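**Student:** okay, sequence plus prediction incoming.
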Amino acid sequence: MRYSRGSATPDTATVSDPQPGRPGRGSRAEADKPSLFERLVEFLSPGPDSRAELIETLADAEQRSLIEPESRAMLEGVLRMADMTAGDVMVAAPRMDLLAIDAPYDELLAAVIGTGHSRFPVWEGQRENIIGTLMAKDLLKLQRAPELNLRTLLRPAVFVPESKNLNELLREFRSNRNHLAIVIDEFGNTAGLITIEDVLEEIVGEIEDEFDEANADESGIVSLADGSLRVAGNATITAVNHAFGVALPEDAFDTIGGLVAHELGHVPRRGESTRLGTLQFSVMLTRGGAVRWFRVSRPALDSVLSASDELGG
C-alpha cells in the first residue's frame, strides 16, 4: 500500500485506481475460453478421439483433395510407426546375409557382389557371435593392401532389443550415424537385423536403391559380374524365357515371382533357392511380402562347361 508524500495516511486514490494497461484478474482465463462459435463448430464437427479415427479423417481429406495421396500415406506411416518395434520390421536371423571373419577375400567379394548390400554383420566362431560390421567399400582396402587384417576394418556392431520402438530407433540412427543394428531377443540371442532404410520405408514407402528398376532395362533383367543375371520379381515370364532361351510356362502366371512362389508353395524368403527347369533362382531381396530381385544362374550348364574345361575341351 502506497502512502502520499508527507502523510501517514494511505493514498486512497492510488489504491482504488487500477493500474492502466494491465488486465484485471481473470482476463486471461476469459481470453482462453473458446467462443460460442468455436464451441458450436466443435459440437457439430468433433475432432478425432483415437488414432483410427484420425486415419479415417486423413482418408476423407484425401478424397476431398485436401491432401495428396502421398502425403496421406506418409502421415499414416508416421502414426502406425509409433506402435511398431524393431522386431516388427527386422530381417529374421536365418535370412541375414553375414560374413565370416576368417573367410578368404574372394569369398567375401563374391558375397558382396551377390547380395548387393553396403553393410554386413561379421561373425566369428558361430553365426550368433556378431563381432562387428563391415562396410562393403572397405573391401577395396584389402585389395590394395592384402597384408591388412579384416578385423581392423570392422566397425562396432550396434545391438538393440526387439522391443525397441521405431521412433526411438530412428532418432538413434540419425544421432549416431549408424545405418544398421543387430536385434536381440529377451535372452540375448540374435533375432535379426534392422537398417535405417527399413525404418524409413514404414513412413515414406519403398525406397529405390541400387537394386531397383532404375538401373535395370525395361525387362527388369540385369547382368552381374559373375555371369549370372539379376531378375526383378515382377519381370514377365516371357522376358525370362527370352533372356535364357528356355520355355517356362507362361499360361498360368504373368510374372516370374508368381511362378516361383507357386513352385515353392509359399511367399519366397530372402536366401531361399529353387530350380525351375535348368535355371536356379535365389532370392536376393524381398520387400513387403514380395520378391524384388532374384539371382538366376544355370548350374547345369555351368557344370558342363567346367567339366569341359577340365578335359581341355
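**Tutor:** Perfect, I can see it now. Values in this document were obtained by computation on a predicted structure and should not be read as measured data.

**Student:** dihedrals phi and psi, Gly116?
**Tutor:** phi 80, psi 10 (degrees, to the nearest 10).

**Student:** for the residue nearest the centre of the chain, which non-adjacent residue is closest in space?
**Tutor:** Nearest to the mean C-alpha position of the chain, by C-alpha atoms, centre = their mean, lies Asp198 at 1.2 Å. Of all residues not flanking Asp198 in the chain, Val89 sits nearest, at 4.9 Å (C-beta to C-beta, 6 or more residues apart in numbering). Bear in mind the C-beta positions are built from the backbone N, C-alpha and C, glycine included.

**Student:** is that neighbour in contact with Leu193, as I believe?
**Tutor:** No: with contact defined as C-beta atoms under 8 Å, Val89 does not reach Leu193; the gap is 10.3 Å.

**Student:** tell me if I'm right that Ser228 and Val296 touch.
**Tutor:** Yes: if you go by C-beta under 8 Å, Ser228 and Val296 touch, sitting 6.2 Å apart.

**Student:** looking at the two, which is more packed in?
**Tutor:** Neighbour totals were compared for Ser228 and Val296, and Val296 leads with 22 against 19 (other C-beta atoms under 10 Å).

**Student:** re earlier: okay, now the residue nearest to Asp198: neighbour count?
**Tutor:** Val89 has 18 neighbours, counted by other C-beta under 10 Å.

**Student:** go on, Ile113?
**Tutor:** Quick note: Ile113 (other C-beta under 10 Å) scores 14 neighbours.

**Student:** now Val122
**Tutor:** Other residues close to Val122 by other C-beta under 10 Å number 22.

**Student:** make residue 1 into 287 and carry on from there
**Tutor:** Yes, from this point I'll number from 287; that puts the last item at Val408.

**Student:** okay, and it sits in which element?
**Tutor:** Applying DSSP states H and E as the criterion places Val408 in strand 405-410.

**Student:** mind listing the strands that strand pairs with, and their directions?
**Tutor:** strand 385-386 (parallel), strand 412-421 (antiparallel) (DSSP bridges).

**Student:** with just CA atoms, put that strand into CSV.
**Tutor:** Provided in CSV are the C-alpha atoms of strand 405-410 (Å, rounded to 0.1, in the frame of the first residue of the first chain):
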residue,chain,number,x,y,z
ARG,A,405,27.0,-53.2,-44.8
PHE,A,406,27.4,-56.7,-43.4
PRO,A,407,27.4,-58.1,-39.9
VAL,A,408,30.6,-60.2,-39.3
TRP,A,409,30.6,-63.3,-37.2
GLU,A,410,33.3,-65.4,-35.5
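
**Student:** rewinding a little: give me whichever of the strands paired with strand 405-410 is most buried.
**Tutor:** Ranked by mean neighbour count under mean count of other C-beta atoms under 10 Å, the strands paired with strand 405-410 are led by strand 385-386, which reaches a mean of 20.

**Student:** which residues of this structure score low on pLDDT?
**Tutor:** Within the chain, the stretches with pLDDT under 70 are 287-337, 491-505, 511-512, 573-575, 586-599.

**Student:** can you spell out the domain ranges of it, please?
**Tutor:** 372-490, 501-587 (automatic domain parsing).

**Student:** for Asp346, which of these is the nearest?
**Tutor:** domain 372-490 (21.0 Å; C-beta to C-beta).

**Student:** how far off centre is that closest one?
**Tutor:** 14 Å (C-alpha atoms, centre = their mean, to the nearest Å).

**Student:** and it, end to end?
**Tutor:** 17 Å (C-alpha to C-alpha, to the nearest Å).

**Student:** cool, and stretch 346-356?
**Tutor:** Across stretch 346-356, first to last residue, C-alpha to C-alpha, it's 14 Å.

**Student:** give me the residues contacting that stretch.
**Tutor:** Leu344, Arg358, Leu361 (C-beta atoms under 8 Å, 6 or more residues apart in numbering).

**Student:** want to try TSV for these, with distance to Val577 as columns?
**Tutor:** Conversion of those to TSV gives the following (distance: C-beta to C-beta, whole Å):
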residue	distance to Val577
Leu344	31
Arg358	28
Leu361	29
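
**Student:** in which helix or strand does Val364 reside?
**Tutor:** helix 355-367.

**Student:** as TSV, the domains of the chain with distance to Glu354 would be great.
**Tutor:** Output for those, formatted as TSV (distance: least, C-beta to C-beta, whole Å):
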stretch	distance to Glu354
domain 372-490	13
domain 501-587	21
